[in-house]
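Participant: Structural data only, the sequence is not supplied:
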């Protein structure tokens, strides 16, 4: 199912499966994809953050990776995943790629985040899947 994610910054992303189909303002995407589901987020939609240092401490590798998702991280450098043998599998399980964040562009993998005015992360999307949403 095609989903349009729209932020308050007038940028919207149309996503199908794990790929970005189009990036435009929300009205243009609604017109182009009238049957799409629309998620309107109360924050700025943009490329997520990258992470290059040791992952935050937590009781398990899964929780350490989740601590990145709540910060809007959409890519992690390879070095920090070597700290614990459970980190790379935990990152792979949620689809957190190794490398640098890529801005949402047509044809690219659908990795992005939504940030509130105070800089906190409202939502993180990896490969088209909502992996974090602040309640």
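Facilitator: Okay, I see it. None of the values given here were measured: they were computed from a predicted structure.
Participant: Pretty sure residue 107 sits against residue 18.
Facilitator: No. With contact defined as Cβ atoms under 8 Å, residue 107 does not reach residue 18; the gap is 11.3 Å. (Each C-beta comes from the backbone N, C-alpha and C, glycine too.)
Participant: pLDDT weak spots in this structure?
Facilitator: Counting by pLDDT under 70, the chain has no low-confidence residues at all.
Participant: Just the helices from it, written as ranges.
Facilitator: 26-32, 61-69, 78-81, 87-94 (DSSP state H).
Participant: Can you work out which other helices and strands pack against the longest one?
Facilitator: Here helix 61-69 touches helix 87-94, strand 121-126, strand 129-133, going by 3 or more Cβ pairs under 8 Å, 6 or more residues apart in numbering; DSSP states H and E.
Participant: Turn the ones you listed into TSV, including mean neighbour count and distance to residue 33.
Facilitator: Below are these laid out as TSV (neighbours: other Cβ atoms under 10 Å; distance: least, Cβ to Cβ, whole Å):
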stretch	mean neighbour count	distance to residue 33
helix 87-94	17	27
strand 121-126	24	17
strand 129-133	16	18
